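Trainee: what's the 3D shape of this:
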Amino acid sequence: MTTVATAVEMEDTATAALSPAEVVKAVYALTDGDKTALMKIARVYAMKTPYGHEDLLQEAICRVLSGARAWPRGLSAVPFLVGVVRSIASEWKTEPLGAAADAIDPRTGEAGAIASIDVGKIVALFSDDPVAQTIVVGMMEGARGQELMRLSGLSRTDYESKRTKIRRRIEKLSQ
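Mentor: Next comes the predicted model:
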């Protein structure tokens with residue numbers, strides 16, 4: 001027996017998710033209380049990943065705004081975003097735990113600054129210095145010490161000077 005979809009059924013299917021404009025409006029309508037609750041929940045889920053809670057929540061909102069995650073009509077903001085955060089945390093949990101932690105030398109204090117700044121901004125920050133840019137990209141890919149020095153082609157003294165320059169620019173950007 002075949003069924004014919006009625007106009008109402010087709011309209012329900014077409015409007016099962018919020019439109020991009022409705023998504024933007026809903027995100028902007030989040031109250032301070034909603035944002036605080038989402039941050040606290042993201043903090044809990046982030047403990048299972050190598051990333052911070054701000055990164056987790058930002059990724060969730062980016063995916064929703066980009067349309068990568070459809071927002072079902074009738075579902076309020078907080079429960080929906082919590083589901084997206086949980087899903088991303090589960091996805092990120094499968095990544096090797098040491099990969100993100102080893103990307104930057106924690107003794108220099110760069111890890112905290114880099115985690116809070118967009119990676120693209122950091123790379124662009126060194127557009128005037130291709131050698132420093134190579135070192136930064138190498139750091140982000142997990143290279144360390146001798147490998148970075150070899151990658152940059154610098155002597156030990158020049159390499160250390162370049163690392164100091166990188167650290168200072170990143171610190172300045174994060175302030």
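
Trainee: Spatially central residue in this structure, please.
Mentor: Taking C-alpha atoms, centre = their mean, the centroid of the chain lies closest to Asp55, which sits 4.2 Å from it.

Trainee: Need the three-state assignment for that one.
Mentor: The three-state label given to Asp55 by DSSP: H, G, I helix; E, B strand; the rest coil is helix.

Trainee: Cys62 versus that one, what's the distance?
Mentor: For Asp55, the distance to Cys62 (C-beta to C-beta, to the nearest Å) stands at 10 Å. Just so you know, the C-beta spots here come from the backbone N, C-alpha and C atoms, and that holds for glycine as well.

Trainee: now do Phe80
Mentor: Distance from Phe80 to Cys62, counting by C-beta to C-beta: 15 Å.

Trainee: cool, Glu171 as well?
Mentor: According to C-beta to C-beta, Glu171 and Cys62 sit 26 Å apart.

Trainee: hmm, back to that, which of Phe80 and Cys62 has more residues huddled nearby?
Mentor: Regarding Phe80 and Cys62, a neighbour count based on other C-beta atoms under 10 Å identifies Phe80 as having more, with 20 against 12.

Trainee: List the contacts of that one.
Mentor: If a contact means C-beta atoms under 8 Å, 6 or more residues apart in numbering, then Phe80 has Val64, Trp71, Pro72 as its contacts.

Trainee: what's around Leu18, how many residues?
Mentor: Around Leu18 there are 19 other residues, counting by other C-beta under 10 Å.

Trainee: Leaving out chain neighbours, which residue sits closest to it?
Mentor: Leaving aside its sequence neighbours, Leu18 sits nearest to Trp71 (C-beta to C-beta, 6 or more residues apart in numbering; 4.4 Å).

Trainee: you'd agree the one you found is up against Val64?
Mentor: Yes - under the criterion of C-beta atoms under 8 Å, Trp71 makes contact with Val64 at 6.1 Å.

Trainee: Name the residues contacting each of these two.
Mentor: Common neighbours of Trp71 and Val64, using C-beta under 8 Å, 6+ apart, are Val23, Phe80.

Trainee: Which secondary structure elements does the longest helix belonging to the chain sit against?
Mentor: Ranked by residue count under DSSP state H, the longest helix found in the chain is helix 156-174. Here helix 156-174 touches helix 110-115, helix 119-125, helix 130-140, helix 145-152, going by 3 or more C-beta pairs under 8 Å, 6 or more residues apart in numbering; DSSP states H and E.
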